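**Q** Next come a sequence and a model predicted from it.
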Number of protein chains: 2
Amino acid sequence: MLHHKDTIRKKMARFEQACRDAGLKITHQRLEIYRELAGAHDHPTAEMLYTRLRERLPTLSLDTVYRTLATLEEQHIITRVQTDESQARYEAEMTPHHHVMCRKCGRITDFHWTFFDAARLPEDVAGWGTIEDRKVTVRGICRQCAAE
Amino acid sequence: MLHHKDTIRKKMARFEQACRDAGLKITHQRLEIYRELAGAHDHPTAEMLYTRLRERLPTLSLDTVYRTLATLEEQHIITRVQTDESQARYEAEMTPHHHVMCRKCGRITDFHWTFFDAARLPEDVAGWGTIEDRKVTVRGICRQCAAE
DNA sequence: CTAAATGCAAAATTTTTGCAGTCCC
DNA sequence: GGGACTGCAAAAATTTTGCATTTAG
């Protein structure tokens, strides 16, 4: 618990610095949107964040959530997760990791795979341009959904 | 050229069989939508296919394109490509392959990586559930965009 | 013939924008 | 104080749906 609190606190401190570095103002809304996203494990959509934050910030508007997420993504402070759903999902986790997603419930879980991260890409990709990032997406049916 | 023609013809024959197997009627629109997608290299959106097809099929409607793509995806005859754009992109290529996408121009290019396809997934993923598919997405800046 | 598929128009969903007022630096 | 940010409302963009008509099997 304490450990978790510390982690969030550290994340928030790093976030504030990242905002300063990017020339972004540190507003109450931005702090809370980031805090909510950083604490979430479920790669939430703008709407999900909005609903959760509404309880704490009754005056928050949905378009601010959209605008904030877009701004933070531009600055590479958060990431827009690739899905084939209609709504965009986001995550605050910026260290290299990968995703497993369930075809049924749609839940996305993070995993790490250092072997892959270190593997050399095939020839034709190496010549394509400048590579910045590589990610694995595994899809299937999770245990809970399979048990039905 | 001849070879390419043959490939398309074969693809169309396989497509018709896949429709029969899935109990889908083989309509003019379906054939043309699939033909266009199978011949495209750029992972087009519904709107892009609609615009291209409009020349050949002036009466085609956009919602038919949407409905057809959704149906074919359900039957695993085509795939909805994961991107972080607002519009959904599709591809007819169903053999295992991966994507490189340019952060600037947004172009998506296929590549193959059998070494990765054969690699064993990490422990924690193996226990997650039943894996059906794994894909790599590489991102960066392509050569053309870098030359600016 | 009959169920499925299409086209049209209208709605629903998701995201973006203009503008006036507010708040950080 | 000034420019960036927010909230509101309205619009734009993308996708889905209801229904009458047409078409494949």
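**A** Okay, I see it.

**Q** Return the residues of chain A in contact with chain B.
**A** By the rule CB under 8 Å from any CB of the partner chain, the part of chain A lying against chain B is A:80-84, A:88, A:100, A:102-103, A:109, A:111-113, A:115-116, A:119, A:121-122, A:124-125, A:127-143, A:145-146. (C-beta placed from N, C-alpha, C; glycine too.)

**Q** Hmm, residue A:80 and residue A:46 touching each other?
**A** No: assessed by CB atoms under 8 Å, residue A:46 is found out of contact with residue A:80, at 10.2 Å.

**Q** Give me the common contacts of the two.
**A** When contacts are counted by CB atoms under 8 Å, 6 or more residues apart in numbering or on different chains, residue A:46 and residue A:80 are jointly contacted by A:69, A:88, A:90.

**Q** can you put those residues in CSV and add secondary structure and neighbour count?
**A** Converted to CSV, the shared contacts of residue A:46 and residue A:80 look like this (DSSP: H, G, I helix; E, B strand; the rest coil; neighbours: other CB atoms under 10 Å in any protein chain shown):
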residue, secondary structure, neighbour count
A:69, helix, 22
A:88, coil, 20
A:90, strand, 23
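
**Q** and which of these is nearest to DNA strand D?
**A** Proximity of these to DNA strand D (CB to the nearest atom of the strand) peaks at residue A:69, which lies at 10.3 Å.

**Q** which one's the longest strand in chain A?
**A** Longest strand of chain A, by residue count under DSSP state E: strand A:129-142.

**Q** what does the helix or strand following it contact?
**A** Downstream of strand A:129-142, the next assigned helix or strand under DSSP states H and E is helix A:143-146. By CB under 8 Å, 6+ apart, the residues outside helix A:143-146 that reach it are A:102, A:104-105, B:127-130.

**Q** which among those residues gets closest to DNA strand C?
**A** When the contacts of helix A:143-146 are compared for distance to DNA strand C (CB to the nearest atom of the strand), residue A:105 wins out at 16.0 Å.

**Q** which residues touch residue A:117?
**A** Each residue near residue A:117 by CB under 8 Å, 6+ apart is listed here: A:96, A:134.

**Q** can you do 7 Å?
**A** Residues in contact with residue A:117, defined by CB atoms under 7 Å, 6 or more residues apart in numbering or on different chains, are residue A:96.

**Q** Get me the contact residues on chain A for DNA strand C.
**A** Residues of chain A that fall close to DNA strand C, judged by CB under 7 Å from any atom of the strand: A:19-20, A:25-28, A:45-47, A:62-63, A:66-67, A:70, A:86-88.

**Q** Can you flag which of the residues you listed belong to helices?
**A** Among those, the subset assigned to helices under DSSP state H consists of A:19-20, A:28, A:46-47, A:62-63, A:66-67, A:70.

**Q** Tell me which two of those sit farthest apart.
**A** With CB to CB as the measure, no two of these lie farther apart than A:20 and A:47, at 28.9 Å.

**Q** With pLDDT and distance to residue B:34 as added columns, please give the shared contacts of residue A:46 and residue A:80 in TSV.
**A** Formatted as TSV, those follow (pLDDT from 0 to 100; distance: CB to CB, whole Å):
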residue	pLDDT	distance to residue B:34
A:69	98	36
A:88	95	28
A:90	98	34
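
**Q** okay, those in JSON lines with distance to DNA strand D next?
**A** JSON lines is the format used below for those (distance: CB to the nearest atom of the strand, whole Å):
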{"residue": "A:69", "distance to DNA strand D": "10"}
{"residue": "A:88", "distance to DNA strand D": "11"}
{"residue": "A:90", "distance to DNA strand D": "15"}
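
**Q** domain assignment for chain A?
**A** What automatic domain parsing lists as the domains of chain A is A:2-91, A:98-147.

**Q** how about those, which one is nearest residue B:40?
**A** The closest approach between residue B:40 and any of those, judged by CB to CB, belongs to domain A:2-91 at 18.0 Å.

**Q** ok, back up a step: out of the shared contacts of residue A:46 and residue A:80, who's nearest chain B?
**A** Proximity of these to chain B (CB to the nearest CB) peaks at residue A:88, which lies at 6.9 Å.

**Q** For the most centrally placed residue in chain A, give me phi and psi.
**A** To find the centre residue of chain A, average its C-alpha atoms and take the closest one (CA atoms, centre = their mean): that gives residue A:91, at 0.8 Å. Main-chain torsions, residue A:91, degrees, to the nearest 10: phi -150, psi 150.
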